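> Quick check, what structure comes out for this input:
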Amino acid sequence: MPDPRGNADHGAVVERQFGSRAAAYLSSSVHAQGQEFAQLRERVGAIDVPRVLDLGCGAGHVSFQLADLAAEIVAYDLSPRMLAVVSEAAGDRGFGNIRTVQGVAESLPFADDSFDVVCSRFSAHHWRDVGLALREARRVLKPGGLAAFIDVAASEQPLFDSFLQTVEMLRDTSHVRDYAPSEWAQMVGEAGLVVTSCSRQRLHLDFETWIERMRTPDVMRDAIRHLQSQVGQEVRDAFEISDDGSFTTDMLVLWATK
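Numbering: from 1, shown residues only. Have a look, this model is predicted:
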């Protein structure tokens with residue numbers, strides 16, 4: 001197993017970016033709401049009292065959505081301050097079956113074949129080594145178990161891909177990469193999981209809320225707005241960029257099994 005200390009530098013950036021904003025992510029409507037939750041509840045609800053790993057749990061929205069369906073949910077994240085928010089919110093909501101564990105996605109401290117469901121939502125674009133993390137997800141998933149990966153999706157078109165990665169990095173320096181659907185399919189397959197379905201949704205992001213949630217410095221905020229003003233009309237159309245900077249991007253919902 002690779003030494004998780006190899007993630008120390010990037011991990012410190014992630015904790016710096018997200019630790020102080022944990023409460024903002026708990027109240028974020030983008031993270032608390034989504035039509036993918038209905039799919040999650042339907043599919044997880046079909047499994048008899050499953051044990052669930054919420055991988056890269058953030059403020060715990062997946063954990064809270066599935067708590068009434070599961071025997072146990074392990075909310076797992078790199079940020080101790082995020083996990084503290086999850087623990088407090090779980091207690092406030094009466095979810096005694098949610099427990100938190102701190103660590104990196106690339107080195108999971110769980111036994112082989114120990115979860116019925118592994119779910120990750122809006123986390124993978126921060127992982128330093130997605131391939132390794134996916135192999136770890138497969139390792140801890142029981143044979144026949146359900147895996148769900150939900151994240152912002154990059155375009156297969158280089159021009160649109162470059163724009164998205166740039167604004168993501170300017171807004172949040174812990175960003176690694178949004179992956180295109182073809183990249184996801186390849187990485188999941190190489191990890192030994194079998195893709196069962198894959199769909200895309202559109203995700204609208206209000207610019208001011210998106211920036212404030214991360215407390216993006218003004219110099220970075222201004223760079224994003226300048227970039228938006230300088231790109232060609234095809235980019236503006238693809239991302240539905242509004243005059244106030246708000247925009248829309250793709251989101252991927254991928255289901256797989258072991």
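> In contact with Phe239, which residues?
Contacts for Phe239 (CB atoms under 8 Å, 6 or more residues apart in numbering) come out as 160, 163-164, 247-249. Quick note: C-beta positions are derived from backbone N, CA and C, even for glycine.
> Between those residues, which sits nearest Glu234?
Checking the contacts of Phe239 against Glu234 by CB to CB gives Phe160 as the nearest, at 8.4 Å.
> Among the contacts of Phe239, the buried ones, what's the ChimeraX command?
Provided next is the ChimeraX selection string for whichever of the contacts of Phe239 are buried by 16 or more other CB atoms under 10 Å:
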select :160,163,164,247,249
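> Restricted to strands, list the contacts of Phe239.
Members of the contacts of Phe239 lying in strands (criterion: DSSP state E): 247-249.
> can you give me the strands for the stretch 1-150 of the chain?
Along the stretch 1-150 of the chain, counting by DSSP state E, counting those that start in this stretch, strands occupy 51-55, 72-77, 98-102, 115-121, 141-153.
> surely Val86 meets Ser63?
Yes - with contacts counted by CB atoms under 8 Å, Val86 reaches Ser63, the gap being 6.6 Å.
> what's the overlap in contacts for the two?
The contact lists of Val86 and Ser63 share 57, 75, 98, where a contact means CB under 8 Å, 6+ apart.
> Going by distance to Thr196, which of the residues you listed wins?
For the shared contacts of Val86 and Ser63, the closest approach to Thr196 (CB to CB) belongs to Cys57, at 22.9 Å.
> Tally up the residues packed near the closest residue to the closest one other than its chain neighbours, please.
Of all residues not flanking Cys57 in the chain, Ala75 sits nearest, at 4.0 Å (CB to CB, 6 or more residues apart in numbering). Ala75: 28 surrounding residues under other CB atoms under 10 Å.
> Could you do Ala71 as well?
12.
> Grab the nearest non-local neighbour of it.
Using CB to CB, 6+ apart, the nearest residue to Ala71 is Val49, at 4.1 Å.
> Low-confidence ranges, the chain, go.
By pLDDT under 70, the weakly predicted segments of the chain are 1-33.
> check contacts around Ile211.
171, 221, 224.
> swap that for Ser120, sorry
Contacts for Ser120 (CB under 8 Å, 6+ apart) come out as 54-56, 105, 137, 148-151.
> same deal with Gly34?
Gly34 touches 150, 201, counting by CB under 8 Å, 6+ apart.
> Relative to Arg200, how far out is it?
Using CB to CB, to the nearest Å, Gly34 is found at 13 Å from Arg200.
> now do Thr100
Thr100 is 31 Å from Arg200, by CB to CB.
> Burial check on the residue nearest to Ala148 when sequence neighbours are not counted, number of neighbours?
Nearest residue to Ala148 in three dimensions, chain neighbours excluded: Cys119, at 4.5 Å (CB to CB, 6+ apart). Using other CB under 10 Å, Cys119 has 27 neighbouring residues.
> what helix or strand is Arg202 on?
For Arg202, the host element (DSSP states H and E) is strand 194-205.
> go on, Asp237?
In this assignment (DSSP H and E), Asp237 forms part of helix 233-238.
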